[in-house]
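# Could you look at this predicted model? Sequence included:
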Amino acid sequence: MFESFIKDNIHIRDIVKNIKNTRTGSSTVRKCKFVGLVTGFTKSKVKIMQLSKEDQWVYPNECYPYGE
């Protein structure tokens, strides 16, 4: 079972805030926040479908699946 930073269990279909390294230029990488949906688990990772653009807050009716 996977846990969040505050030791809560993570379940499928949970809405989470995800931090991801994103390439912003030819050699520039920065950490960006995304709103995501937990879609499944592998042996060592959590699969998250991205629902928002990088560093942008969205309301539930504005979510769009950008990929996993």
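Done, it's in.

# Residue 24 touches residue 30, doesn't it?
Yes - using Cβ atoms under 8 Å, residue 24 and residue 30 qualify as a contacting pair, with a distance of 5.5 Å. The C-beta positions use only the backbone N, C-alpha and C, and glycine is treated the same way.

# now the helices for the chain?
With helices called from DSSP state H, the chain shows none.

# Mind naming the longest strand for it?
What stands out as the longest strand in the chain, according to DSSP state E, is strand 29-41.

# Point out where the protein drops to low pLDDT.
Residues of the chain meeting the criterion pLDDT under 70: 55-68.

# Mind checking which residue lies nearest the centre of it?
By Cα atoms, centre = their mean, the chain has its centre lying nearest to residue 18, at 3.4 Å.

# need the contact list for that one.
Residues near residue 18 by Cβ atoms under 8 Å, 6 or more residues apart in numbering: 33-36, 48, 50.

# Of these, which pair is most distant in space?
33 and 48 (12.1 Å; Cβ to Cβ).

# more neighbours, those two?
The neighbour comparison of residue 33 against residue 48 (other Cβ atoms under 10 Å) goes to residue 48, with 21 against 15.

# quick one: that one and residue 18, what's the gap?
In this view, residue 48 and residue 18 are 5 Å apart by Cβ to Cβ, to the nearest Å.

# Mind listing the shared neighbours of the two?
Joint contacts of residue 48 and residue 18 (Cβ under 8 Å, 6+ apart) are 34, 36.

# Many thanks, I have nothing further to ask.
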